[in-house]
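Colleague: Here is my input, please return the structure:
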Amino acid sequence: MTDPNNTNGANASTPTLKPARELAVSPPRFPNESAAYRSARNDLLAEEIELRRHIERVAAQRRALPPGGVVPEDYRFVGEAGPVTLSGMFGAYDTLVTYNWMFGPRRERPCPMCTSLLSAYDGEMPDILQRVAFAVIGRAPIERLVAFKEERGWRYLRLYSSGCNTFNRDYAAEDPDGYDNPALNVFTRAADGTVRHFWGAEMGPSTADPGQDPRGAPDLMPLWTILDTTPGGRGTDWYPQLEYAAAVG
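Modeller: Below is the predicted model of the structure:
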């Protein structure tokens, strides 16, 4: 059984952690805060510490998954520089992260939520690519994907069209009629060249709690992480858009 205090998923020699309540005595004090505020904030801090520890336990459990299924074929895509296979997307890495972008051939414009997420990832991509390969996959023709990339000013995302294969159907649960689904998947490549599926996001509408939009854990969208720290939270009637009527000052 996994030791819940082992935040690295390592062996039993990992030191036992201090109770979160003992750590939740924040030295900073903000101007004019009340004793009631500080007491409630320290209660919240203890929960935040517990949440951090739980996130690490889940990550350790994910890393310890047994080998996933071998991919059924070396899917062929069309990239910005021409044809490429799934195995070719790895480059020099042994790990490949793929994001299925909701931009199929039937869409005039891509999904705003996907676009918000990918815009954030574009800024992080120079760092991400230090560790793993990352591919953004859409079913629309590569020319349309690239045109939107240029319109949006993305610099680092690597785009691939899957319009000529069944990758989206196999790994994003899209139906034969081309209904788009977002999906994040991770693949590994062994020394002998075998490509396996390692992990895929499986939380969605069927796993959503009452009153909440479907979301993963952790939530992959930096937008929601920021809004979760504000008094209004995520709200219930607002979502990202591709364009806004006026610039935000």
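Colleague: Strands of this protein, start to end?
Modeller: 76-79, 82-85, 95-100, 133-138, 159-161, 183-189, 195-200 (DSSP state E).
Colleague: Including mean pLDDT, distance to Gln61 and mean neighbour count, could those go into CSV?
Modeller: All C-beta atoms are positioned from the backbone trio N, CA, C, and that covers glycine. Output for the strands of the chain, formatted as CSV (pLDDT from 0 to 100; distance: least, CB to CB, whole Å; neighbours: other CB atoms under 10 Å):
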stretch, mean pLDDT, distance to Gln61, mean neighbour count
strand 76-79, 98, 31, 19
strand 82-85, 98, 31, 13
strand 95-100, 96, 18, 21
strand 133-138, 97, 23, 23
strand 159-161, 98, 30, 23
strand 183-189, 95, 14, 20
strand 195-200, 96, 11, 17
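Colleague: nearest to Pro67, of the ones you listed?
Modeller: When the strands of the chain are compared by CB to CB, strand 195-200 sits nearest Pro67, at 5.7 Å.
Colleague: elements contacting that closest one?
Modeller: strand 183-189 (3 or more CB pairs under 8 Å, 6 or more residues apart in numbering; DSSP states H and E).
Colleague: let's see it at 10 Å
Modeller: helix 35-63, helix 86-89, strand 95-100, helix 167-172, strand 183-189 (3 or more CB pairs under 10 Å, 6 or more residues apart in numbering; DSSP states H and E).
Colleague: could the ones you listed go into JSON lines alongside distance to Trp238?
Modeller: Supplementary listing: the helices and strands packed on strand 195-200 in JSON lines, determined by distance: least, CB to CB, whole Å:
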{"stretch": "helix 35-63", "distance to Trp238": "24"}
{"stretch": "helix 86-89", "distance to Trp238": "35"}
{"stretch": "strand 95-100", "distance to Trp238": "23"}
{"stretch": "helix 167-172", "distance to Trp238": "26"}
{"stretch": "strand 183-189", "distance to Trp238": "23"}
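Colleague: roughly how far apart are the residue lying closest to Ser119 once chain neighbours are set aside and Glu50?
Modeller: Excluding the flanking residues, the one nearest Ser119 by CB to CB, 6 or more residues apart in numbering is Arg152, at 6.6 Å. Look at Arg152 and Glu50: by CB to CB, to the nearest Å, they are 38 Å apart.
Colleague: Make JSON lines out of the strands of the chain and add distance to Arg144.
Modeller: As requested, the strands of the chain are exported to JSON lines (distance: least, CB to CB, whole Å):
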{"stretch": "strand 76-79", "distance to Arg144": "11"}
{"stretch": "strand 82-85", "distance to Arg144": "16"}
{"stretch": "strand 95-100", "distance to Arg144": "16"}
{"stretch": "strand 133-138", "distance to Arg144": "8"}
{"stretch": "strand 159-161", "distance to Arg144": "8"}
{"stretch": "strand 183-189", "distance to Arg144": "19"}
{"stretch": "strand 195-200", "distance to Arg144": "25"}
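Colleague: Let me know which of the ones you listed is the nearest to Glu33.
Modeller: Once those are compared by CB to CB, strand 183-189 is nearest, at 39.4 Å.
Colleague: Just the CA coordinates for the closest one, please, in PDB.
Modeller: Output of strand 183-189 as PDB, limited to C-alpha atoms (Å, rounded to 0.1, in the frame of the first residue of the first chain):
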ATOM      1  CA  ALA A 183      -8.000  15.200 -25.700                       C
ATOM      2  CA  LEU A 184      -4.600  15.100 -24.000                       C
ATOM      3  CA  ASN A 185      -2.600  11.900 -24.400                       C
ATOM      4  CA  VAL A 186       0.900  10.900 -23.500                       C
ATOM      5  CA  PHE A 187       2.900   8.300 -25.500                       C
ATOM      6  CA  THR A 188       6.300   6.700 -24.800                       C
ATOM      7  CA  ARG A 189       8.800   5.200 -27.200                       C
END
